[in-house]
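Engineer: what's the 3D shape of this:
(chains A and B)
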Amino acid sequence: DVKVTQSSRYLVKRTGEKVFLECVQDMDHENMFWYRQDPGLGLRLIYFSYDVKMKEKGDIPEGYSVSREKKERFSLILESASTNQTSMYLCASSWKNTEAFFGQGTRLTVV
Amino acid sequence: AQSVSQHNHHVILSEAASLELGCNYSYGGTVNLFWYVQYPGQHLQLLLKYFSGDPLVKGIKGFEAEFIKSKFSFNLRKPSVQWSDTAEYFCAVTPKGYSTLTFGKGTMLLVSP
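Structural biologist: Presented below is the predicted three-dimensional model:
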């Protein structure tokens, strides 16, 4: 089974903190994604990566950055956390042009 | 850019009722289509997918979906729902040759025993 593991299920951070969300996949997938899930808004793509050190902005990249130094690991960075970034963050991975596999999600609260 | 519209935000059914969740997408070219499900407290899982071929696709747990190209639709169906089908359902689309999924806003299904 494909496994996508996110480092934390729950996080509470203060406004202005730098926040790192980590994701690891074990299936040698080329693609990795970060989505944000909010009630009534569905999933919105923040960033994706199609190879090591390669990244593309998604629909809502503002306030976020990403890092992919190794194929299996994709990090989402909130440079200066704000309360409007309180959300559920979902990491996913896939082979090219196939379905995505999702992690359990990280529920981030910014206070 | 493509977009996905799910017709109902909340659906409440009794056990054994039939289910149909609507999904329409907007994109002029060929697409891959997906339905995902998120059970309470669990991660998003793939229910079924359509890439090509028979437009009626069968997925896990008795779900099926029909791709109607002329209507840009990919509706999810199940003849008889169970309490365990209570979950949030997401339709997603990606243009052929691309990997990023665009999701609908989701439909929360509550099945009462």
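
Engineer: which ones are touching the nearest residue to B:Leu21 once chain neighbours are set aside?
Structural biologist: Nearest non-adjacent residue to B:Leu21, counting by Cβ to Cβ, 6 or more residues apart in numbering or on different chains: B:Leu76, 4.4 Å away. All C-beta spots, glycine's among them, are computed from the backbone N, C-alpha and C. Listed by Cβ atoms under 8 Å, 6 or more residues apart in numbering or on different chains, the contact set of B:Leu76 reads B:19-21, B:23, B:35, B:47-48, B:63-65, B:89, B:91.

Engineer: what's opposite B:Leu76 in the beta bridge?
Structural biologist: B:Leu21, B:Ala65 (DSSP bridges).

Engineer: what pLDDT is listed against it?
Structural biologist: Predicted confidence (pLDDT) for B:Leu76: 98.

Engineer: next one: A:Ala81
Structural biologist: 97.

Engineer: may I have the secondary structure class of the one residue sitting closest to the centre of chain B?
Structural biologist: Residue closest to the average C-alpha location in chain B (Cα atoms, centre = their mean): B:Trp35, at 3.5 Å. Applying DSSP: H, G, I helix; E, B strand; the rest coil to B:Trp35 yields a three-state assignment of strand.

Engineer: now the strands for chain B?
Structural biologist: Counting by DSSP state E, one finds strands in chain B at the ranges B:3-6, B:10-14, B:19-21, B:23-26, B:31-38, B:45-50, B:56-58, B:64-68, B:73-78, B:87-95, B:102-103, B:107-112.

Engineer: for chain A, same thing?
Structural biologist: A:4-6, A:10-13, A:19-25, A:31-38, A:42-51, A:54-57, A:64-70, A:73-78, A:87-94, A:101-102, A:106-110.

Engineer: for the first one, the distance to its chain's centre please.
Structural biologist: Read it as strand A:4-6. 10 Å (Cα atoms, centre = their mean, to the nearest Å).

Engineer: just the terminal-to-terminal distance for stretch B:48-56.
Structural biologist: 11 Å (Cα to Cα, to the nearest Å).

Engineer: who's in contact with it?
Structural biologist: A:99, B:32-35, B:57-60, B:63-69, B:74, B:76.

Engineer: can you tell me how far the nearest residue to B:Glu20 once chain neighbours are set aside sits from chain A?
Structural biologist: Nearest residue to B:Glu20, sequence neighbours excluded (Cβ to Cβ, 6+ apart): B:Arg77, at 5.0 Å. Plainly put, B:Arg77 is 20 Å away from chain A if you go by Cβ to the nearest Cβ, to the nearest Å.
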